[in-house]
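*Asks:* Quick one: sequence plus predicted model below, questions after.
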Amino acid sequence: MNNQFSIILPVRNGGEYLKESVNSILSQTYPQFNLFVLNNNSNDGTLEWLRSLKDERIIIKNSDTDLSMPDNWARALDLPLHEYITFIGHDDRLHEDYFRIMNNLIGQHPHASIYQTHFNYVDSQGKQVRSCQPMPEKIQVEDFLRLQFTQKMDSMGTGYLFRSNDYKKLGGFPAAYPNLLFGDYELFVKLTALSYMAISPHKGFDYRLHVSLSISTHIDKYCIAFGMYLHFLNEFQKSRKGVHKTIKEYGRVYLNYYCQSLSHRLLKVNTANRVSVSSFIKECKTNAILLGIKNFKPEHIFKIRIATILDSNAITRSLFQIVRKWLS
């Protein structure tokens with residue numbers, strides 16, 4: 001069976017990374033695909049370079065005005081897509097056999113509703129950092145959430161492949177999430193719940209890590225998006241007993257992980273305008289009640305308690321920033 005694929009690449013000022021990504025796509029050993037580039041008013045020569053390729057497989061959808069990230073990605077809903085689609089970050093790379101791997105995987109699991117391969121993490125220079133954690137061949141939505149909650153599955157926006165009809169019926173990536181943070185998780189949960197996720201043991205792409213970048217820059221948006229995802233899970237569990245059981249068993253671990261992670265990231269942002277650590281912890285406790293997680297007390301975790309104390313007033317915040325700069 002020879003399936004046809006569409007790959008969607010949203011970009012704004014992709015620079016050299018975009019060239020590397022596009023060249024990896026055009027080098028596929030499997031020929032039946034096209035590439036939609038959602039160019040978000042780039043001003044770094046991205047559009048000119050794409051046009052210079054003169055490759056009929058590339059369809060450029062240009063915007064002459066600046067769009068928000070969700071608005072740019074939402075344009076995919078109006079594209080004439082092939083049956084199967086995947087998204088790629090403009091700085092990520094496909095291995096040359098990605099579509100061949102996916103075509104074989106669909107043949108093995110024709111009734112799956114979402115597909116994925118194993119992958120590598122690479123640094124800003126493109127050198128391998130590590131492989132993703134091993135994943136089973138087949139997982140149900142409850143498994144996907146359990147692995148996510150316990151940090152035993154590496155899940156990135158790149159690499160997932162699904163039917164374009166399912167994508168459009170579900171409304172695409174939920175645009176209400178700030179910068180689509182956690183919005184991809186919601187979509188992948190919904191897609192997996194349609195049937196199941198099939199995963200190839202072969203590596204199909206490289207996901208690029210940028211050490212210099214941090215979610216601290218948009219930490220408030222990250223906290224808001226996390227809360228939105230928890231609210232989605234609360235609604236979702238009402239119609240899936242298995243999901244309800246998974247949240248009951250593993251939701252505490254997930255909440256504790258993000259309470260600790262985000263409280264420390266909040267602490268690193270030296271501004272009075274951001275949400276306080278104590279306010280964020282309070283919101284997490286409210287969401288725990290919503291999810292049915294009883295006796296959730298993240299303040300009993302030492303690192304969270306320390307972050308709350310340090311963030312309690314301007315003096316301790318300033319001292320923390322001084323020590324942090326001295327140690328860095």
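*Replies:* Thanks, I have the structure now.

*Asks:* Now do the helices in the stretch 1-150 of the chain.
*Replies:* 15-26, 46-53, 69-74, 98-108, 141-149 (DSSP state H, counting those that start in this stretch).

*Asks:* Packing partners of the third one?
*Replies:* If you count contacts as 3 or more C-beta pairs under 8 Å, 6 or more residues apart in numbering; DSSP states H and E, helix 69-74 packs onto strand 5-11, strand 33-40. In short, each C-beta sits where N, CA and C put it, glycine included.

*Asks:* cool, the longest one as well?
*Replies:* Under the contact definition 3+ C-beta pairs under 8 Å, 6+ apart, helix 15-26 sits against strand 5-11, strand 33-40, helix 46-53, strand 93-94.

*Asks:* Select, out of the ones you listed, the one closest to residue 195.
*Replies:* strand 5-11 (18.8 Å; C-beta to C-beta).

*Asks:* That closest one: how far from the chain's middle?
*Replies:* 15 Å (C-alpha atoms, centre = their mean, to the nearest Å).

*Asks:* tell me the strands in the stretch 51-200 of the chain, going along the chain?
*Replies:* Using DSSP state E, counting those that start in this stretch, the strands of the stretch 51-200 of the chain run over residues 58-63, 84-87, 93-94, 114-122, 128-131, 138-139, 161-163, 197-208.

*Asks:* most packed of these?
*Replies:* strand 93-94 (a mean of 26; mean count of other C-beta atoms under 10 Å).

*Asks:* partner strands of it, parallel or antiparallel?
*Replies:* Partner strands and pairing direction for strand 93-94 (DSSP bridges) are strand 197-208 (antiparallel).

*Asks:* any idea how far residue 55 is from residue 48?
*Replies:* Going from residue 55 to residue 48 by C-beta to C-beta, to the nearest Å gives 14 Å.

*Asks:* neighbour count winner among the two?
*Replies:* residue 55 (14 against 9; other C-beta atoms under 10 Å).

*Asks:* Now do the contacts for that one.
*Replies:* Residue 55 is in contact with residue 26, counting by C-beta atoms under 8 Å, 6 or more residues apart in numbering.

*Asks:* what do you get for the one 3 residues further on?
*Replies:* With C-beta under 8 Å, 6+ apart as the criterion, the residues that contact residue 58 are 22, 26, 34-35, 37, 50.

*Asks:* now do residue 219
*Replies:* Per C-beta under 8 Å, 6+ apart, neighbours of residue 219: 262, 265-266, 269, 274.

*Asks:* what does residue 175 give?
*Replies:* Here residue 175 is in contact with 70-71, 73-74, 183 (C-beta under 8 Å, 6+ apart).

*Asks:* On the pLDDT front, check it for me.
*Replies:* In this model, residue 175 is scored at 94, pLDDT.

*Asks:* Then residue 326?
*Replies:* 69.

*Asks:* From residue 159, how far out is the nearest residue to residue 160 once chain neighbours are set aside?
*Replies:* Spatial nearest neighbour of residue 160, chain neighbours left out: residue 116 (5.4 Å); criterion: C-beta to C-beta, 6 or more residues apart in numbering. Computed as C-beta to C-beta, the residue 116 to residue 159 distance reads 6 Å.

*Asks:* Equivalent analysis for residue 33, please.
*Replies:* 15 Å.

*Asks:* Neighbour count for those two, which is higher?
*Replies:* Neighbours around residue 33 and residue 159, counted as other C-beta under 10 Å, are more numerous at residue 159. The numbers are 26 against 22.

*Asks:* I appreciate the help and will end here.
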